[in-house]
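S.K.: just the structure for this:
(2 chains)
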Protein chains: 2
Amino acid sequence: MTELAARTGVAIHLATKDELVVTNTYGQQVVDTWALAADDVSRFASASHTWMSTGRLTVRLGDELVDTTRTPMLAIVGDTSGGRHDLLIPSCDVVRYRQLGVPGYHDNCRDNYFAALSAADIEPLPVVPQPLNLFMRVPVAADGSIGIEPPVAGPGAQVRLRALQDVVVVLSACPQDIAPTNGLGATPRPVEYDVVRAP
Amino acid sequence: MTELAARTGVAIHLATKDELVVTNTYGQQVVDTWALAADDVSRFASASHTWMSTGRLTVRLGDELVDTTRTPMLAIVGDTSGGRHDLLIPSCDVVRYRQLGVPGYHDNCRDNYFAALSAADIEPLPVVPQPLNLFMRVPVAADGSIGIEPPVAGPGAQVRLRALQDVVVVLSACPQDIAPTNGLGATPRPVEYDVVRAP
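M.R.: Have a look, this model is predicted:
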C-alpha cells in the first residue's frame, strides 16, 4: 500500500478495469476523489449526471458514476466503510477556511487537485469538478437542509473503485480540521491506496 | 418584453444591480439559467457552493447564488411562480434524448448554452456549469431519490434576478418534450424576459 500523506493529493492513472483500493487507515478521514478521462480533461465524473443515472442523490456500493457525457466512468465495487459518501459538497478551498476564521493559508482539497494534476504533467481546466467525497457524511433533511457529520468509517475501512474507462483519478486527503468533516476535533490523517491492475 | 423562442437560448449582459425578469408566458415552461462572470468564464454561479452558503438544496426567493469562489453572484429578488426551482438536474443534451428514445438530433439546453454564448462572442470553457433550472420541480424523497414533476408555475409567473456582479446570464427555454419537465405531454413554449437596468 502507498501512503497518501495527510493534507495532500495524488493523481493516479487507471486503465479500463484497473481497480483502486482506498484505505481509511485511521478511520473518519474524508478523501475527495475525482475522475477525469485520460485523453480529455473536459470530460469527468459528474455528480449531477450520476444522480440522473441512479435516480437518487445518495451514492453506494454497486453504483456507477457517469461522466459529463453520461457514460459510466467509475464503479464502486467494494465498500467496508458503512457506505456513507457524498456527492453534494464542493471541495474545501482557501475562501472556505477564511469563512471558518482561518486568517492565512490553509491546505485545501482544491489546491491539492491542481497540485496533484500538475505533478502528473496534466493541465486541467481552471475549474474543479464536484468531487466524490469518500467517507463524508452529509445528511439531507426532509426540508432539504444539509449538514456535515463525523464519518462512520472505522480504521481500515476500504472502498474499491473500478475504472470503466481510461481515467486519471485524483485523491485528496481532506485537510479540514475546523468543521467536523473528518470527525469532531480531528487531526487530518494520512490514508493509503493500492492500484490493482486488470489481468 | 423580449421573446425567447421555444427551444432556444440567449446570453444577456447584466451589470451589477441590473435585474432580469423572466416571464413564464404560457406557464410550466422550464428555463435553464446560468451566470458567468463577465470577465472570467471560469467563474460561474455554482449549485454546490450555493448549498454550502444557504445550508440547503432548495432554492427560493431571497437566496443568493454564489459563484465558484463563494462570492454572491445572482439573487432571486422576486418570484410569483410558486417558488419551485431546481439546482440538481444537469442540462438536457443529445445523449439524454437518445436515452429517452429519440434517434436523431433533438434541441437541447446544452447546445443552447454554447450557441447563445457564441452568438454573444463569448468563448466558454468546454464544460456546462450546473444550471439553475427556473420553474423546474424536482422533489427529493427521504431516501434521497429524485423525480421530475410538472411545474406549478402558471401563465405569467415571473422570477426576478438581480446581478450582484457584472455577469453574463444565459437562458434556455428547455426543449424537453418527453419527460414531464415542462408539463405532461407539453409542447415546449417561448418565454419572455426584460432587463431592468440599475438607475
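S.K.: counting neighbours, what do you get for A:Thr16?
M.R.: Residues lying near A:Thr16 (other C-beta atoms under 10 Å in any protein chain shown) number 12. For glycine as for every other residue, the C-beta is placed from the backbone atoms N, C-alpha and C.
S.K.: I figured it hits A:Leu164, correct?
M.R.: Yes - assessed by C-beta atoms under 8 Å, A:Thr16 is found in contact with A:Leu164 at 6.6 Å.
S.K.: for stretch A:126-141, buried residues please.
M.R.: Burial within stretch A:126-141, assessed by neighbour count using 16 or more other C-beta atoms under 10 Å in any protein chain shown, is assigned to A:127-138, A:140.
S.K.: I should have written stretch A:75-87 there, sorry.
M.R.: A:75-76, A:78-79, A:81, A:83-87.
S.K.: likewise stretch A:6-21?
M.R.: A:6-12, A:14, A:18-21.
S.K.: wait, is A:Ala116 part of a helix?
M.R.: Yes - under DSSP: H, G, I helix; E, B strand; the rest coil, A:Ala116 falls within a helix.
S.K.: which residue sits closest to it, ignoring its sequence neighbours?
M.R.: By the measure of C-beta to C-beta, 6 or more residues apart in numbering or on different chains, the closest residue to A:Ala116 outside its immediate chain neighbours is A:Gly9, 3.7 Å from it.
S.K.: before we move on, what about A:Lys17?
M.R.: In this structure, A:Lys17 finds its nearest non-sequential neighbour in A:Ala198, 3.5 Å apart by C-beta to C-beta, 6+ apart.
S.K.: and that neighbour, what does it touch?
M.R.: The contact partners of A:Ala198, by C-beta atoms under 8 Å, 6 or more residues apart in numbering or on different chains, come to A:15-19.
S.K.: wait, is A:Glu123 part of a helix?
M.R.: No - counting by three-state DSSP, A:Glu123 is not part of a helix but coil.
S.K.: that older thread, which ones among the buried residues of stretch A:126-141 are found in strands?
M.R.: Here DSSP state E is the test, and these give A:132-134 as lying in strands.
S.K.: and which of these is nearest chain B?
M.R.: Comparing these against chain B with C-beta to the nearest C-beta places A:Asn133 closest, at 10.6 Å.
S.K.: tell me the bridge partners for the closest one.
M.R.: Note on A:Asn133: beta-bridge partners by DSSP bridges are A:Asp32, A:Asp86.
S.K.: give the contact list for it.
M.R.: Counted by C-beta under 8 Å, 6+ apart, A:Asn133 has contacts A:30-33, A:85-87, A:89, A:174.
S.K.: ok, it to A:Ala115 distance?
M.R.: 18 Å (C-beta to C-beta, to the nearest Å).
S.K.: excluding chain neighbours, what is closest to A:Val21?
M.R.: For A:Val21, the spatially nearest residue (C-beta to C-beta, 6+ apart) is A:Asp194, at 4.5 Å.
S.K.: which residues of chain A fall in helices?
M.R.: In chain A, the segments counted as helices under DSSP state H are A:47-54, A:94-99, A:109-119.
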